[in-house]
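# Test case, fold it:
(chains A and B)
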Amino acid sequence: MKATPILSVEGLSKRFGGVHALEQVSFELFPGEVLALAGDNGAGKSTLIKAISGVYRPDDGRILYKGEPVAFDNPRQARDLGIETIYQDLALADNLDIGANVFLGREPLRRLFGLLPALDRKRMRQEALQAIETLDIEIKRLDVPVRTLSGGQRQAVAIGRAIYWKAEILIMDEPTAALGVPEQRKVRALVEGLKEQKVGVIFISHNLGDIFAVADRILVLRRGIMAGIRRTADTDADEIVKLMVGG
Amino acid sequence: MTTLEASSPLAARQAVVVRWLAVAWSWLFLALLLVFFEVWARAAYDTSFLLNRFNIQSITLFAVAPLLLALGQTLVIISGGIDLSVGFTMGLAAVICARLMQWLDPALGPELSLVIGILAAFAVALIPGLTNGYLIAWLGVPAFIGTLGMYGIARGTGFLAAGGTTVPVRNEYLAFLGNDRILGIPVPVIITILVVLLMHYVLSQSRFGQYTYAIGGNREAAIRAGINVKRHTMAIYVIAALCAAMSGVLYTARFSAGAAQAGEPLLLDAIAAVVIGGASLFGGSGTIIGTVIGALIIAVIQYGLVFINVEPFWQFVAVGVVIIISVLVDQSRSRLTGAHQEDR
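So this is what the prediction gives:
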């Protein structure tokens, strides 16, 4: 990991009224690296990812993306630069098919009778399928609403959307929380696949099993401050738990 | 829970059949109705129900006003809302149209007063449309409540503008719009067909239509995808109001009078047409073609029962039964193709 970091966070702080949600948090993320965010409830994990993805403006500190300082007014700006966030609810329109979800808000158009603009559904489906196939996920039917898909497949649609739109940093909030064990395994495989595509991944998880299975490094937060950052290879679950609860 | 259903081949095949049935059942039902009345007509009156130009014209004319309301309502319901005010928006537009034409006719002549009257009907409908949209999209008022308030406001102002009575109007061009035929097809039917084609194109082919489905399916997802959900919601309620205004203008044209209560009995027929056509009141599904079929089913029931001399009150019973059946079909469909109400 001697490459230049794709993301550098320097002394990031965020306060809500008198509450210090984040205090002087600094870390770096490299292309193809998976960084896990661990910490108890209220430790500041969500605040941190929201500050990176443009939902909150930090009060102090700065964020460098590919070496350039950036400041986002809204999530759209972060996404346009290649910082995608996948929340727990995945933000899929369950009544629409995979293609429509991957392209939601950015639909390609064709000409109907060489005249009227119309949605190019065929292209949306084909390109969505390609994006999802790079994740090694099998999808049988493309023309069904995504609510008929399994939890892992839906996660793949959300990730496929991020990849299709050239995400270079993918932030995932509890990607395995609502899934059964086989599906959890699938999501771990998805994250491995992202690594190969040189995407930098930040993911929040309560599940130490997940963290140790896929993360390269673990950043532990405790009441808004950095309790520590460890390479997964050099630490164990005991140490991480100690960092989380303090003492 | 949806995983298992989709992954077992039997259930998948079952789901395909149910999905097909859910789409086709309203067509089948319409066909059955027509066959029923046809058989009855031949047996009882020794005549044809369908091969009778007068019947077809009457049914389609019957369907025009509720269908126009239903077209706008389709977009509203797909987006997850409801618009209870369209019936009285239609009445208000009809009254304003008639009043202005009557008042301007001596000074401006029939052509100009017609144009101004029609434009005024659409302009006045913008007020409830924009207000509904603002209340619902920006102020977060539930659609049911916001448009119920507008129902009262449009009703009151409609009657006030009409002076508590119907407003008669005489205009030869207007009479053409309302009562003439082109190639044997009534002009209001032709106008409605054009609106249907336009709305079908918008809903099924345009980004606007796609966003309407997305908002109804998952509003939050639509917002995160960068769709301007507030503005879009506003546009949907404006379209619903403009459809109501169109209906009001055609009403005035057909009866040579504007009446504030013109749309009162049509509101629930319009919602029924949308639901019979396969839309879910939870949002996210529905089509223009389905709504057209729904409106035709209601019109055929209403006209057909009169035709076979059944007491008119049975119409309400029959339409009520059809509404309940269509909701049951919708529910069994969602149970077999993946729950959507329960998932949220």
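# excluding its backbone neighbours, what's nearest A:Gln126?
Nearest residue to A:Gln126, sequence neighbours excluded (C-beta to C-beta, 6 or more residues apart in numbering or on different chains): A:Gly99, at 7.8 Å. Just so you know, the C-beta spots here come from the backbone N, C-alpha and C atoms, and that holds for glycine as well.
# Tell me the confidence at that neighbour?
If you check A:Gly99, the pLDDT there is 93.
# Kindly report the same for the one 4 residues further on.
For A:Phe103, the pLDDT comes out at 92.
# Does the residue nearest to A:Gln126 lie in a helix or a strand, and which?
Assigned by DSSP states H and E, A:Gly99 belongs to helix A:98-102.
# Tell me which stretches of the stretch 201-344 of chain B form helices.
B:207-217, B:219-224, B:229-255, B:266-276, B:288-307, B:314-337 (DSSP state H, counting those that start in this stretch).
# same thing with chain A?
A:45-52, A:75-81, A:98-102, A:121-133, A:151-164, A:181-196, A:208-214, A:237-245 (DSSP state H).
# which of those sits most buried?
helix A:98-102 (a mean of 26; mean count of other C-beta atoms under 10 Å in any protein chain shown).
# Relative to the centre of chain A, find the outermost residue for me.
In chain A, the residue that sits farthest from the middle, by C-alpha atoms, centre = their mean, is A:Phe113; the gap is 40.6 Å.
# Would you tell me which helix is longest in chain B?
helix B:86-133.
# Against B:Asp180, how distant is B:Ile191?
With the distance defined as C-beta to C-beta, to the nearest Å, B:Ile191 ends up 11 Å from B:Asp180.
# before we move on, back to that, other SSEs contacting the longest helix of chain B?
Contacts defined by 3 or more C-beta pairs under 8 Å, 6 or more residues apart in numbering or on different chains; DSSP states H and E place helix B:86-133 against helix B:53-78, helix B:143-162, strand B:167-168, helix B:172-179, helix B:229-255, strand B:257-258, helix B:266-276.
# and the residue in the stretch 51-200 of chain B that chain A sits nearest to, how many neighbours does it have?
Scanning the stretch 51-200 of chain B for proximity to chain A using C-beta to the nearest C-beta identifies B:Ile78 as nearest, at 9.1 Å. A count of nearby residues for B:Ile78, using other C-beta atoms under 10 Å in any protein chain shown, gives 27.
# got the CA coordinates for the helix holding A:Gly99 in CSV?
Provided in CSV are the C-alpha atoms of helix A:98-102 (Å, rounded to 0.1, in the frame of the first residue of the first chain):
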residue,chain,number,x,y,z
ILE,A,98,-32.7,-3.8,-12.3
GLY,A,99,-31.9,-1.6,-15.3
ALA,A,100,-34.3,1.1,-14.2
ASN,A,101,-32.6,1.1,-10.7
VAL,A,102,-29.1,1.2,-12.0
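# what distance separates it from the centre of its chain?
Put simply, helix A:98-102 sits 18 Å off its chain's centre (C-alpha atoms, centre = their mean, to the nearest Å).
# Contacts made by that helix with the rest, please.
With C-beta atoms under 8 Å, 6 or more residues apart in numbering or on different chains as the test, helix A:98-102 has contacts from A:92-93, A:107, A:121, A:124-129, A:131-132, A:139, A:142, A:146, A:149, A:157, A:160-161, A:164, B:210, B:213-214, B:221.
# same thing but 6 Å
Residues outside helix A:98-102 that contact it (C-beta atoms under 6 Å, 6 or more residues apart in numbering or on different chains) are A:Leu92, A:Ala93, A:Met124, A:Arg125, A:Ala128, A:Leu142, A:Val146, A:Val157, A:Arg161, A:Tyr164.
# ok, those vs chain B, which is closest?
A:Ala93 (3.8 Å).
# Just give me the neighbour total for the closest one.
If you count neighbours by other C-beta under 10 Å, A:Ala93 ends up with 26.
# Could I get the contacting residues of the nearest residue to it once chain neighbours are set aside?
Of all residues beyond its chain neighbours, the one nearest A:Ala93 is B:Gly217 (3.8 Å), with distances taken as C-beta to C-beta, 6+ apart. B:Gly217 sits next to A:Ala93, A:Asp94, A:Asn95, A:Leu96, B:Gly284 when contact means C-beta under 6 Å, 6+ apart.
# Identify the residues contacting the closest residue to B:Thr291 other than its chain neighbours.
Nearest non-adjacent residue to B:Thr291, counting by C-beta to C-beta, 6+ apart: B:Gly277, 4.1 Å away. Shown in contact with B:Gly277 (C-beta under 6 Å, 6+ apart): B:Gly290, B:Thr291, B:Ile293, B:Gly294.
# Between these, identify the one with the most neighbours.
B:Gly294 (33 neighbours).
# coming back round to it: minimum distance to A:Ile169: which of the helices and strands packed on helix B:86-133 has it?
Of all these, helix B:229-255 sits nearest to A:Ile169, with 25.9 Å by C-beta to C-beta.
# could you give me the average pLDDT of that closest one?
96.
# what comes up buried for it?
If you call a residue buried by 16 or more other C-beta atoms under 10 Å in any protein chain shown, then helix B:229-255 has these buried ones: B:229, B:232-255.
# before we move on, what about stretch B:298-313?
Of the residues in stretch B:298-313, those buried (16+ other C-beta under 10 Å) are B:Ile298, B:Ala299, B:Val300, B:Ile301, B:Gln302, B:Tyr303, B:Gly304, B:Leu305, B:Phe307.
# measure the first one to chain A for me?
Read that as B:Ile298. As judged by C-beta to the nearest C-beta, to the nearest Å, B:Ile298 and chain A stand 26 Å apart.
# hmm, the helix or strand of chain A at the bottom of the mean pLDDT ranking in reach of chain B?
When each helix and strand of chain A is scored by mean pLDDT, DSSP states H and E, helix A:181-196 comes last, with a mean of 83. No. Applying C-beta under 6 Å from any C-beta of the partner chain, one finds helix A:181-196 separated from chain B by no less than 8.2 Å.
# which helices and strands sit right next to that helix?
Helices and strands touching helix A:181-196, by 3 or more C-beta pairs under 6 Å, 6 or more residues apart in numbering or on different chains; DSSP states H and E, are helix A:151-164, helix A:208-214.
# quick one: which of those helices is nearest chain B?
Nearest of the helices and strands packed on helix A:181-196 (C-beta to the nearest C-beta): helix A:151-164, 6.9 Å.
# quick check: mean pLDDT across that closest one?
Here the average pLDDT along helix A:151-164 is 85.
# how far away is the residue nearest to B:Trp138 when sequence neighbours are not counted from chain A?
Nearest non-adjacent residue to B:Trp138, counting by C-beta to C-beta, 6+ apart: B:Lys230, 6.0 Å away. For B:Lys230, the distance to chain A (C-beta to the nearest C-beta) stands at 15 Å.
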